[in-house]
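Student: predicted coordinates and the sequence they were generated for:
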Amino acid sequence: MTQAFSLDGRRAVVTGAASGIGAAIARAYAQAGARLVLADLDTMRLEAQADACRALGAQVETVTADVGQEASANAIVDRCIGAFGGIDILVNNAGMLTQARCVDLTTQMWDDMMRVDLRSVFLCTRRALPAMLAQKWGRVINVASQLGIKGGAELCHYSAAKAGVIGFTKSLAIEVAPQNVLVNAIAPGPIETPLVDGISAAWKEAKSAELPLRRFGRVEEVAPVAVLLASDPGGNLFVGQTLGPNSGDVMP
């Protein structure tokens with residue numbers, strides 16, 4: 001059964017890999033045998049995660065980059081192709097989270113959210129696709145959010161960006177599945193990560209109370225989903241899907 005979820009030798013890029021879900025996915029991929037390019041803006045934390053992955057036996061390259069900038073997004077994918085001769089798996093995980101009522105949202109807050117949480121997914125994916133299509137094997141895994149499905153008060157910009165990620169995932173999956181490039185999304189519910197630090201305690205308390213599981217998730221409970229989707233044969237039949245490790249917040 002373990003072999004079904006092996007990533008032995010696969011070449012993977014994980015963005016937003018310095019902390020939270022991205023760091024957990026990086027470690028899970030290292031344990032599964034992948035070679036890694038890890039990207040983030042936080043160089044110190046990124047290198048710490050890279051060392052943790054190396055301790056698990058993985059070959060690891062790091063790139064300090066802003067994924068919302070086209071040149072930086074290209075450089076991340078290019079590092080994987082240059083270092084390992086290609087790219088098999090792209091995990092678009094980098095993101096940001098801020099909170100405000102729509103009436104109080106500034107245009108800058110809206111634009112920043114779209115650049116980091118949505119534009120970056122397009123930029124990194126577009127760069128990775130030619131190599132994946134040429135080899136007729138690839139996995140693109142986009143980290144969305146359950147709020148992209150159900151919405152959330154004071155988070156309309158975040159919810160809109162994540163809904164865009166889900167729509168992008170479905171549309172691209174239709175385009176490239178015939179070439180054996182599988183595109184899927186993970187839409188976690190509330191997870192205990194540094195990303196939620198900027199959200200008010202009152203919001204988090206109220207959110208926990210409405211979850212059937214009555215608690216936020218942990219990053220190690222999300223990372224195995226990314227291993228499943230990237231694996232062969234484990235992930236071979238997932239096309240345009242949105243998997244929801246969300247404590248029961250959304251039940252499609």
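Tutor: Good, I have the coordinates. Numbers count the residues shown, from 1 in each chain.
Student: contacts, neighbours, all on C-alpha from now
Tutor: Noted.
Student: burial count for Leu195?
Tutor: Leu195: 16 surrounding residues under other CA atoms under 10 Å.
Student: can you pull the buried residues of stretch 189-201?
Tutor: Using 16 or more other CA atoms under 10 Å as the test for burial, stretch 189-201 gives Gly189, Pro190, Ile191, Leu195, Val196.
Student: mind picking the two most distant members of those?
Tutor: For these, the maximum inter-member distance is 12.4 Å, found between Gly189 and Leu195 (CA to CA).
Student: need the worst-confidence member of the buried residues of stretch 189-201.
Tutor: Of all those, Leu195 carries the smallest pLDDT score, 73.
Student: and it, how close does it get to Ala94?
Tutor: Distance, Leu195 to Ala94, by CA to CA, to the nearest Å: 10 Å.
Student: same thing with Phe216?
Tutor: Taking CA to CA, one finds Phe216 at 20 Å from Ala94.
Student: okay, the two: which has more neighbours?
Tutor: More crowded of Phe216 and Ala94, by other CA under 10 Å: Ala94, with 28 against 20.
Student: ok so that one is a strand residue?
Tutor: No: read with DSSP: H, G, I helix; E, B strand; the rest coil, Ala94 is coil and lies in no strand.
Student: and it, its phi and psi?
Tutor: Torsion angles at Ala94 (phi, psi; degrees, to the nearest 10) stand at phi -60, psi 140.
Student: next: Gly244.
Tutor: Per-residue torsions, Gly244: phi -120, psi 80 (degrees, to the nearest 10).
Student: for it, which residues are in contact?
Tutor: The neighbourhood of Gly244, defined by CA atoms under 8 Å, 6 or more residues apart in numbering, consists of Gln146, Ile186, Ala187, Pro188, Gly189, Val250.
Student: relative to Asp51, how far out is it?
Tutor: For Gly244, the distance to Asp51 (CA to CA) stands at 30 Å.
Student: again with Ala202
Tutor: Ala202 is 36 Å from Asp51, by CA to CA.
Student: pull the residues that contact the lengthiest helix in the chain.
Tutor: The residue-count maximum for a helix in the chain (DSSP state H) belongs to helix 156-176. Residues outside helix 156-176 that contact it (CA under 8 Å, 6+ apart): 97-98, 101-102, 110, 113-114, 117-118, 121, 133, 142-145, 147-149, 151-152, 181-185, 239-242.
Student: flag every buried residue along it.
Tutor: Residues of helix 156-176 classed as buried by neighbour count (16+ other CA under 10 Å): 156-166, 168-170, 172-173, 176.
Student: circling back to that earlier point, with neighbour numbers in mind, choose between Ala202 and Asp51.
Tutor: Set Ala202 next to Asp51 and count neighbours by other CA under 10 Å: Asp51 wins out with 15 against 8.
Student: could you pull out the helices in the stretch 101-250 of the chain for me?
Tutor: Along the stretch 101-250 of the chain, counting by DSSP state H, counting those that start in this stretch, helices occupy 107-114, 120-135, 147-150, 156-176, 201-210, 223-230.
Student: between those, which one is closest to Glu61.
Tutor: Among the helices of the stretch 101-250 of the chain, the nearest to Glu61 by CA to CA is helix 120-135 (16.5 Å).
Student: please identify the buried residues of the closest one?
Tutor: Buried-residue list, helix 120-135, by 16+ other CA under 10 Å: Ser120, Val121, Phe122, Leu123, Cys124, Thr125, Arg127, Ala128, Leu129, Ala131, Met132, Leu133.
Student: which one of the contacts of Gly244 is nearest to Gln59?
Tutor: So of the contacts of Gly244, ranked by how close each gets to Gln59 (CA to CA), first place is Ile186, at 25.1 Å.
Student: same question for stretch 28-37, mean pLDDT?
Tutor: For stretch 28-37, the mean pLDDT works out to 98.
Student: oh, I was asking about stretch 61-77
Tutor: Regarding stretch 61-77, the rounded mean pLDDT is 98.
Student: helices or strands up against the worst-scoring helix or strand of the chain on mean pLDDT?
Tutor: Lowest mean confidence among the helices and strands of the chain (mean pLDDT, DSSP states H and E): helix 201-210, at a mean of 87. The helices and strands touching helix 201-210, judged by 3 or more CA pairs under 8 Å, 6 or more residues apart in numbering; DSSP states H and E, number zero.
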